[in-house]
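*Asks:* Give me a 3D structure for the following:
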Amino acid sequence: MSINVGIIGTGNMGGAMIKGLCDAGEAYKIFAYDSNLNITEQLSKEYSINIMSSIHDLTTECDVVIMAVKPQYIEEPLKECARALSKSTLFVSVAVGITISYLETVLGNDKKIVRTMPNTPALVREGITVVSFGDNVLPDEKQMAKDIFKCVGNVEELDESLMSEVTALTSSSPAYVCMMIEAMADSAVQSGIARNISYRLAAQAVLGTARMVLETQKHPAELKDMVCSPSGTTIEAVLKLEEKGFRSAIMSAMKACTEKAIEIGRGSHK
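*Replies:* Got it, this is the predicted structure:
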């Protein structure tokens, strides 16, 4: 028997969830709502999904409701969802900074709340989603939530207190990586390599390196040392990166990202 999954908000993340769940076959029946009718109309042409006319109708129809709305716009959709959400429905949020306690305040302390932090590689089913659960979520419901997000990549469960740090590590980090790929390609273009080839080569180098870290389980420093031959080209590049504060820049960026996530969470409680 298929699980009815409703997705409120069909932008990048909501759209990725729809694609991943549809690719899972008959395990899930998908319902979607978005205030932008152009988006939902296009999605209905691409996927076998049910477009709903209101959040209320979607909520009453579904076993799982995924709120894929940005935190600054989440208050009104949450209130509308609260009017129809039952005690048995699993409610899942993907919004940065929005805590389980806040969601329980709006939706009710008796509701089953899941807080998640996915990232945009979910678009190609290579995402990583971190999940935390409210006290009312049962073990089989936790597994159901994990299985849903496994349709777009890998899943890790962490204590909710680490969610702001996770935002910097996984949710926002594709932007840092894309900036690095762009910079690598720009340098290659300056050296005479065509831009389309430069992007492709840089992206593949990053992809292969990430897979090497995951599959060998060696420390990144050890893998870095494997490339740095004595008096070679790579160690010269590493020296320049150290001179320019490459590590410090990444760490400072992640700290700023974490602080912003905490700030958003505090704002939601006002």
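*Asks:* mind checking how far Lys260 is from Ile98?
*Replies:* As judged by CB to CB, to the nearest Å, Lys260 and Ile98 stand 14 Å apart. For the C-beta atoms, the positions are set from N, CA and C on the backbone; glycine is no exception.
*Asks:* Neighbour count for those two, which is higher?
*Replies:* More neighbours surround Ile98 than the other of Lys260 and Ile98, with 25 against 16 (other CB atoms under 10 Å).
*Asks:* which residues touch the more buried one?
*Replies:* By CB atoms under 8 Å, 6 or more residues apart in numbering, Ile98 lies in contact with 71, 74, 115, 264-265, 268.
*Asks:* can I assume it sits in a strand?
*Replies:* No: assessed with DSSP: H, G, I helix; E, B strand; the rest coil, Ile98 is coil; it does not lie in a strand.
*Asks:* Now it: phi and psi?
*Replies:* When quoted as degrees, to the nearest 10, the phi and psi of Ile98 stand at phi -90, psi 110.
*Asks:* Could you shift the numbering so residue one becomes 36, and keep it that way?
*Replies:* With 36 as the first residue, the last one maps to Ile133.
*Asks:* thinking again about what came up before, of the contacts of Ile133, which belong to strands?
*Replies:* In this view, those that belong to strands under DSSP state E are Arg150.
*Asks:* quick check, nearest of the contacts of Ile133 to Glu250?
*Replies:* If you rank these by distance to Glu250 using CB to CB, Arg150 comes first, at 29.6 Å.
*Asks:* any idea how far the closest one lies from Ile228?
*Replies:* 44 Å.
*Asks:* Give me the more crowded residue out of the two.
*Replies:* Just comparing Arg150 and Ile228: by other CB under 10 Å the higher neighbour count belongs to Arg150, 22 against 15.
*Asks:* give me every residue that touches that one.
*Replies:* Applying CB under 8 Å, 6+ apart, the residues contacting Arg150 are 127-128, 133-135, 138, 166-169, 195, 198.
*Asks:* What does the closest residue to Lys181 other than its chain neighbours show for phi and psi?
*Replies:* Using CB to CB, 6 or more residues apart in numbering and skipping residues adjacent in sequence, the residue nearest Lys181 is Val190, 4.7 Å away. Main-chain dihedrals, Val190, degrees, to the nearest 10: phi -130, psi 140.
*Asks:* tell me the pLDDT at Val190?
*Replies:* What the model reports as pLDDT for Val190 is 98.
*Asks:* how about the helices in the stretch 86-235 of the chain?
*Replies:* 90-96, 110-117, 135-142, 174-185, 198-201, 208-225, 230-251 (DSSP state H, counting those that start in this stretch).
*Asks:* what's the most buried one of those helices?
*Replies:* Of all these, helix 198-201 carries the top mean neighbour count, a mean of 22, counting by mean count of other CB atoms under 10 Å.
*Asks:* Low-confidence regions, the stretch 136-285 of the chain specifically.
*Replies:* Applying pLDDT under 70 to the stretch 136-285 of the chain flags no residue at all.
*Asks:* re earlier: between the contacts of Ile133, which is nearest Met52?
*Replies:* Among the contacts of Ile133, and counting by CB to CB, the member closest to Met52 is Arg150, at 15.3 Å.
*Asks:* what sits up against stretch 55-64?
*Replies:* Outside stretch 55-64, the residues that reach it (CB under 8 Å, 6+ apart) are 37-40, 65, 82-85, 157, 160, 183, 186-187.
*Asks:* Averaged pLDDT, that stretch. What do you get?
*Replies:* 91.
*Asks:* Go through it and flag the buried ones.
*Replies:* Going by neighbour count (16 or more other CB atoms under 10 Å), the buried part of stretch 55-64 is 55-57, 59, 63-64.
*Asks:* and what of stretch 143-152?
*Replies:* By neighbour count with 16+ other CB under 10 Å, stretch 143-152 contains the buried residues 146-152.
*Asks:* Tell me which two of those residues sit farthest apart.
*Replies:* Within the buried residues of stretch 143-152, Lys146 and Met152 form the most distant pair, 19.5 Å apart (CB to CB).
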